[in-house]
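Enquirer: just to be clear, the model below is a prediction. Sequence and coordinates:
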Amino acid sequence: MRSKKSFTALTAAAMAMVLLASCGKSGGDGAGPGDNGTPAVDITSQPAEVVFYSNNGDPVESFDYRFGNAIRKKFPNWTIQYIQRTGTGTQLQDLIANGTKFDIFFQSIGNFEANAFPAGIEYDMTELIKNHKVDLNRLDPTVVDAVKQASGGKFYGLPVFTTNLVLYYNKTLFDKFGVPYPKDGITWSEMVDLSKRLTRTEGDIQYFGFTHSPVHTLRMNPLSIPNTDIPSDTPTINKDDRWKTYFQTYYLDPMRVPGYLDGMKKINKIPDINMFVKDQSVGMFGYLSSLIYVWEQELKALNWDIVSFPTVDKGIGSQSYPSYFGITNMARNKAAAMEVLKFMISDEFQSEMARKGIMPVLQNDAIKKELGKESPYKDRNWNALFYNKFAPIPAKAAYDADMVTQYISYGNQVALDKMDLNTALRKAEEDSLKKIQEYKSKTTK
């Protein structure tokens, strides 16, 4: 027979275990969830809801195709929702003002910081990453280091996929004008020479040999020029001489081939994505590799292929342009959100994305070789995406997106011959300084 003393001790121990278990189910971060974010039980068998939001405008169908369907299949007991930005009422500030909660915010590098930080929705996931045993060493270090730098050493987001710049080309136009197709490893000067041979007017149609997306080319420039001197909070546009090289190389050289500027002045803009995909009046288009799945339907009417982005320094392409997914400080079940993110950087999920044509972020050659195998365009040159090395990603300030906007505005005026380069750099510096002060005044209130 047990003594009364031993029975009391056993009862106390049992009660302590019950209390510990109940505490584990009441926290906000764990998979019970426990207070320290460590899964106490298998939470995937319990109901949970994880809500995603991005103000990048991606439609629900795109979210489901790329992410949602695979996540729901992995976590059948969980409700996975996505709030699409569609206009008034669905902007980030609207959701916050209305008290609409979402668990994971995602945006591209630079835009993530520019939106999350001023809104105050960021959450340091360092402990969650540790407690959920997320192995960051499996990821491309450049994209991990970039978010860590922008977060002051913290982890406000995890890279899930990336993109880079490649060169799309219209095979029909090359055939029409008897010009040989570009090849992987093409240099910038070789591309400009091809552009010369394609740029012309036939009938009432102005053809342009090459164009690009200025905002992306600047963001991802192969020269890796930082937009800001972060210690002094000052723009680099009129201080770093590499900007002159950048604008001369990426704006003026390809847009000063015979007939190009006159053609641009007629339309009063830099030839854009619609002129390449829909009008088919542009021979080559430097753009994100993600165009393949974002404009899937539109590309079906175009006889196109891709090669590596033209290089100035041999073998060095554009910077990587990752998108980060961060748990918000309003997340109701941070453990479930962390398990979803952990799955999104797993071999399983990354392989599925790669087969759809989405660039993975893992350091895994086998997964990279899966790229595009299940895409509607599986016969295209997918090797182009990883042909060049990524240029280093420079340090970015939280207001980096504002710098890009100012730099592009004046760069476009230079391209259209409305302003000389020196004046443009000086004015861009002046306006960028104002933007920095505006940002700082908002965040210090």
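Expert: Okay, I see it.

Enquirer: give me phi/psi at D402?
Expert: phi -70, psi -40 (degrees, to the nearest 10).

Enquirer: surely it is in contact with Q437?
Expert: No. D402 sits out of contact with Q437 when judged by C-beta atoms under 8 Å, with a separation of 10.7 Å. Placement of C-beta: from N, CA and C, glycine included.

Enquirer: which one of these two has more residues nearby?
Expert: Set side by side, D402 and Q437 show more neighbours around D402, with 22 against 12, by other C-beta atoms under 10 Å.

Enquirer: per-residue confidence for the more buried one?
Expert: pLDDT, D402: 94.

Enquirer: roughly how far apart are it and Q107?
Expert: Here the criterion is C-beta to C-beta, to the nearest Å. By it, D402 lies 15 Å from Q107.

Enquirer: please apply the same query to L252.
Expert: 31 Å.

Enquirer: out of those two, which sits in the busier spot?
Expert: Q107 (22 against 15).

Enquirer: which ones are touching the more buried one?
Expert: S54, N55, N56, N115, A116, S323, Y324 (C-beta atoms under 8 Å, 6 or more residues apart in numbering).

Enquirer: repeat that with 10 Å
Expert: Contacts for Q107 (C-beta atoms under 10 Å, 6 or more residues apart in numbering) come out as 53-56, 92, 113-116, 157, 323-326, 401.

Enquirer: out of the residues you listed, which are buried?
Expert: By neighbour count, with 16 or more other C-beta atoms under 10 Å, the contacts of Q107 hold 53-55, 92, 113-116, 157, 323-326, 401 as buried.

Enquirer: helices - which of the residues you listed land there?
Expert: Secondary structure defined by DSSP state H assigns L92, E113, A114, N115, A116, A401 of the buried ones among the contacts of Q107 to helices.

Enquirer: show the pLDDT at R85.
Expert: For R85, the pLDDT comes out at 92.

Enquirer: quick one: the strands in the stretch 51-200 of the chain?
Expert: Along the stretch 51-200 of the chain, counting by DSSP state E, counting those that start in this stretch, strands occupy 78-84, 104-108, 158-161, 165-170, 200-202.

Enquirer: repeat for the stretch 301-445 of the chain
Expert: Taking DSSP E, counting those that start in this stretch to define them, one finds strands in the stretch 301-445 of the chain at 304-308, 316-319, 323-327, 389-391.

Enquirer: which among these is found nearest to K101?
Expert: Nearest to K101 among these is strand 323-327 (12.0 Å), distances taken as C-beta to C-beta.

Enquirer: follow-up on the earlier one: now the strands of the stretch 51-200 of the chain in a markdown table, with distance to N333?
Expert: As requested, these are exported to a markdown table (distance: least, C-beta to C-beta, whole Å):
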| stretch | distance to N333 |
| --- | --- |
| strand 78-84 | 9 |
| strand 104-108 | 11 |
| strand 158-161 | 17 |
| strand 165-170 | 38 |
| strand 200-202 | 60 |
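
Enquirer: could you list the domains of the chain?
Expert: 43-162+322-345, 165-319+389-443 (automatic domain parsing).

Enquirer: can you lay out these as TSV showing distance to D379?
Expert: Formatted as TSV, these follow (distance: least, C-beta to C-beta, whole Å):
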stretch	distance to D379
domain 43-162+322-345	20
domain 165-319+389-443	9
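
Enquirer: biggest helix in the protein, by residue count?
Expert: helix 421-443.

Enquirer: for T249, helix, strand, or coil?
Expert: Three-state call for T249 (DSSP: H, G, I helix; E, B strand; the rest coil): helix.

Enquirer: any figure for the gap between it and A354?
Expert: Noted for T249: a distance of 32 Å to A354, by C-beta to C-beta.

Enquirer: looking at these two, which one has more neighbours?
Expert: Per other C-beta under 10 Å, whichever of T249 and A354 has more neighbours is A354, with 26 against 17.

Enquirer: look up the pLDDT of the more buried one for me, please.
Expert: Taking A354 on its own, its pLDDT is 96.

Enquirer: same deal with the one 3 residues further on?
Expert: According to the model's per-residue confidence, G357 sits at a pLDDT of 92.

Enquirer: about what we covered before: P235: which of the strands of the stretch 51-200 of the chain is closest?
Expert: Nearest of the strands of the stretch 51-200 of the chain to P235, taken as C-beta to C-beta: strand 104-108 at 20.6 Å.

Enquirer: quick one: low-confidence ranges for the stretch 101-250 of the chain?
Expert: Residue ranges of the stretch 101-250 of the chain with pLDDT under 70: none are present.

Enquirer: go ahead and confirm K368 touches L362.
Expert: Yes. Contact criterion C-beta atoms under 10 Å: K368 and L362 qualify, at 8.1 Å.

Enquirer: which residues do the two both contact?
Expert: What both K368 and L362 touch, as defined by C-beta under 10 Å, 6+ apart, is the set Q350, S351, A354.

Enquirer: can I get those in a markdown table with distance to N422?
Expert: Listed next are the shared contacts of K368 and L362 as a markdown table, based on distance: C-beta to C-beta, whole Å:
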| residue | distance to N422 |
| --- | --- |
| Q350 | 46 |
| S351 | 50 |
| A354 | 45 |
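
Enquirer: list the contacts of E202.
Expert: Contacts of E202 (C-beta under 10 Å, 6+ apart): K176, F177, S281.

Enquirer: likewise D229?
Expert: Taking C-beta under 10 Å, 6+ apart as the contact definition, D229 lies against P235, T236, K239, D240, A395, A397.

Enquirer: surely the last one touches N227?
Expert: So the one you mean is A397. Yes. Assessed by C-beta under 10 Å, A397 is found in contact with N227 at 7.4 Å.

Enquirer: hang on, the earlier thing: from the ones in helices among the buried ones among the contacts of Q107, which is closest to H212?
Expert: Nearest member of those to H212, counting by C-beta to C-beta, is A401, at 18.9 Å.

Enquirer: so how far is T201 from the residue nearest to the closest one when sequence neighbours are not counted?
Expert: Spatial nearest neighbour of A401, excluding adjacent residues (C-beta to C-beta, 6 or more residues apart in numbering): A114 at 3.8 Å. Computed as C-beta to C-beta, the A114 to T201 distance reads 41 Å.

Enquirer: the helices in the stretch 151-300 of the chain, which residues?
Expert: Along the stretch 151-300 of the chain, the segments classed as helices by DSSP state H, counting those that start in this stretch run 171-176, 188-198, 214-219, 242-247, 253-255, 260-267, 273-277, 291-294, 296-299.

Enquirer: what's the closest of those to P47?
Expert: Comparing the helices of the stretch 151-300 of the chain by their distance to P47 (C-beta to C-beta), the top pick is helix 291-294, with 31.6 Å.

Enquirer: what mean pLDDT does that closest one get?
Expert: pLDDT averaged over helix 291-294 gives 83.

Enquirer: buried ones in that helix?
Expert: Those would be L291, I292, Y293, for helix 291-294 by 16+ other C-beta under 10 Å.

Enquirer: which strands and helices sit next to that helix?
Expert: The helices and strands touching helix 291-294, judged by 3 or more C-beta pairs under 10 Å, 6 or more residues apart in numbering; DSSP states H and E, are strand 165-170, helix 273-277, strand 282-288, helix 296-299, strand 304-308, helix 347-356.
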